[in-house]
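1. Provided below are the primary sequence and the corresponding predicted coordinates.
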Amino acid sequence: MTDAPGAVLELRQLRLRYPGSSAWTLDGLDLRLEAGERLALVGPSGCGKSTVARAALQLLPQGSRCEGGLSLNGRDPRHLAIPDLRALRGDSVGLVFQDPMTRLNPLMTVGGHLLDTLRAHRPDMKASARRERAEALLEQVGIGAERFKAYPHEFSGGMRQRLAIALAIVLRPPLVIADEPTTSLDVAVAGQVMAALRDLCEDLGSALLLITHDLAMAHRWCERMAVLDGGQVAEINRSDVVLTYPSSRVGQRLLAAARAREGGTTPAAPAATTVLDVQELRCWHNLGGPPWAPNWLKAVDGVSFQLQAGETLGVVGGSGCGKSTLCRALMGLTPIRGGRVQLFERDLLQSRGREATAMRRSIQMVFQDPLACLNPAMTVADAIADPLLIHGLASRASARERARELLERVGLGPAERFQNRLPRQLSGGQQQRVAIARALALDPKVLICDESVSMLDAEIQADVLALLRQLQQELGLAMIFVTHDLSVASGFCHRLIVLDRGHIVESGPGDQLLSTPQADITKILVDACPRLPV
């Protein structure tokens, strides 16, 4: 097959089926990406977005079946020997993953990652030239050459993603594929990372294929948009056209879900008893220095709030503001230096022994990535039953029965269809429902949701948020909802607090903060929040 002039990626009637599956994940997909073009690939969960990237790079499990036309920079990667395929992956396409920390070597310095790539693909390049190229690239992505010897764990999420971008473009490829590159970042940092990626692609003349579930972000950074459904392109057009007059049913459905999320209004706060009372909470981390003058990182510094039964408190803020530290402190996962935390007027920090264990069971968390927090070798029912067995609250048989009840409660019914599946056999939305069921197993009074919908597409986000609201009403749950997405927080939470450098700088109803932000960080977050075209 010969691709048309200027095409860096061309797929013609591409079909792909994973081993052990009778269904085609990609089923006659046509897609063409021109040199220098920016194209967003969107669609519902399971539509085949990420599979397009895996097919282009031939990063597929053994036994996969791939048919049809596939051309990457004029070559079909399926017909290449392994050494040539590895060279093509670096020289012809750069890949930016969703979570860079899982793709970086924790034992290798930041500069070492770049030098290693250059040594592998440019063996004839002088060592001094490789070092010069690596340092220049760190400057380009906004890290700075002075951090050359730093390690990935010393970087924030945004900085690690900048390193991932540097690794993707170090060989100046004609195509860069970014697969959900900002889902774990706050909107301000996400905007900075996407701006850096766009500018570098423009400087190199590289095409960008952005795989995302965020329609507003896709519209902001890409001129064209392709909507996938059932392994096929349902429609492809200019981004503003797709998001104003979608021609496909799936496009209309996704747009409706996205607009409903943006157009949500802050629900009225319930009048109820105080469940959680936090006063002047402090979580400081000692970064070293002499004993008489330690260098403290004040991650949470004097935070106070109250949480009512049946209320959802949103916690928003920029990267590094203290959101996750606050969650971990309330869960007992990080040391607390000072302050007071009362659960139903009982001091959580002063409790000990069985009393402390019982009180801790009343606060449970739903994490951002359900697949990462579920045991991959444990069935769904066993994962839900496990907390009951750990705490000695039920026999194995009754714990399994409770797990089946919870599966039904979170919308995974009949339970017999799901109870014996492994987490990887579920969709992202189903995995998050399992994580919610497991959190509910101990009958908590407070549920902490830490970025629990940020990795889901708009439709599944709406489903999971509706489930959380239903469970809150049925069980009287108090919820702390941590998110970087102000539009989601304003429509789902009764009120919001905005954190900056460990302090609460602003609070109030979400629609008020969106329309008239007062604090500088709130203004930055509102300005950076992508919007759909009117």
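-> That came in fine, so what should we check first? None of the values given here were measured: they were computed from a predicted structure.

2. contacts for stretch 408-421?
-> Around stretch 408-421, the neighbours that count as contacts under CB atoms under 8 Å, 6 or more residues apart in numbering are 379-381, 400, 403-405, 407, 426, 430, 433-434, 436-437, 440, 463, 467, 471. Using the backbone N, CA and C atoms, a C-beta is placed for each residue, glycine as well.

3. Tell me which entries of these lie within strands.
-> Per DSSP state E, strands hold no members of these.

4. just the buried members of the residues you listed?
-> When neighbours are counted using 16 or more other CB atoms under 10 Å, the contacts of stretch 408-421 contain these buried positions: 379-381, 400, 403-404, 407, 426, 430, 433-434, 436-437, 440, 463, 467, 471.

5. does P370 really touch Q432, like I thought?
-> Yes: with contacts defined as CB atoms under 8 Å, P370 counts as touching Q432 at a distance of 4.7 Å.

6. Which one of the two is surrounded by more residues?
-> With neighbours defined as other CB atoms under 10 Å, P370 and Q432 compare such that Q432 has more, 29 against 24.

7. Contact partners for the more buried one?
-> With contacts defined as CB under 8 Å, 6+ apart, Q432 is in contact with 366, 370, 452-453, 456, 460, 464.

8. quick one: E139 is in a helix?
-> Yes: under DSSP: H, G, I helix; E, B strand; the rest coil, E139 falls within a helix.

9. give me the number of residues near it?
-> Using other CB under 10 Å, E139 has 12 other residues around it.

10. again, but for R65
-> For R65, the tally of surrounding residues (other CB under 10 Å) stands at 12.

11. Quick check: bridge partners of it?
-> According to DSSP bridges, R17 are recorded as the beta-bridge partners of R65.

12. Quick one, grab the pLDDT at it.
-> Predicted confidence (pLDDT) for R65: 94.

13. right, and it touches S21 too?
-> No: R65 is beyond contact range of S21, at 9.4 Å (criterion: CB under 8 Å).

14. what ranges do the strands span in the stretch 151-300 of the chain?
-> If DSSP state E, counting those that start in this stretch is used as the criterion, the strands of the stretch 151-300 of the chain fall at 175-179, 207-211, 224-229, 232-238, 274-286, 296-308.

15. Return the set of buried residues in the fifth one.
-> Spelled out, that is strand 274-286. In strand 274-286, the ones that count as buried by 16+ other CB under 10 Å are 275-278, 281-284.

16. Which residues are in contact with L468?
-> With CB under 8 Å, 6+ apart as the criterion, the residues that contact L468 are 436, 447, 449, 479, 492.

17. With W24 instead?
-> For W24, the residues meeting the contact criterion (CB under 8 Å, 6+ apart) are 15-17, 231.

18. circling back: would you turn the buried residues of strand 274-286 into JSON lines with distance to P61 and pLDDT?
-> Supplementary listing: those in JSON lines, determined by distance: CB to CB, whole Å; pLDDT from 0 to 100:
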{"residue": "V275", "distance to P61": "46", "pLDDT": "94"}
{"residue": "L276", "distance to P61": "45", "pLDDT": "95"}
{"residue": "D277", "distance to P61": "51", "pLDDT": "96"}
{"residue": "V278", "distance to P61": "47", "pLDDT": "96"}
{"residue": "L281", "distance to P61": "46", "pLDDT": "96"}
{"residue": "R282", "distance to P61": "48", "pLDDT": "95"}
{"residue": "C283", "distance to P61": "42", "pLDDT": "93"}
{"residue": "W284", "distance to P61": "46", "pLDDT": "90"}
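
19. Can you convert these into CSV and add a column each for distance to A218?
-> Rendered in CSV, the data for these read as follows (distance: CB to CB, whole Å):
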residue, distance to A218
V275, 39
L276, 38
D277, 42
V278, 38
L281, 38
R282, 41
C283, 37
W284, 40
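
20. From those residues, pick the one nearest E223.
-> C283 (44.2 Å; CB to CB).

21. Outline the domain layout of the protein.
-> With automatic domain parsing as the criterion, the domains of the chain are listed as 7-262, 274-362+442-528.
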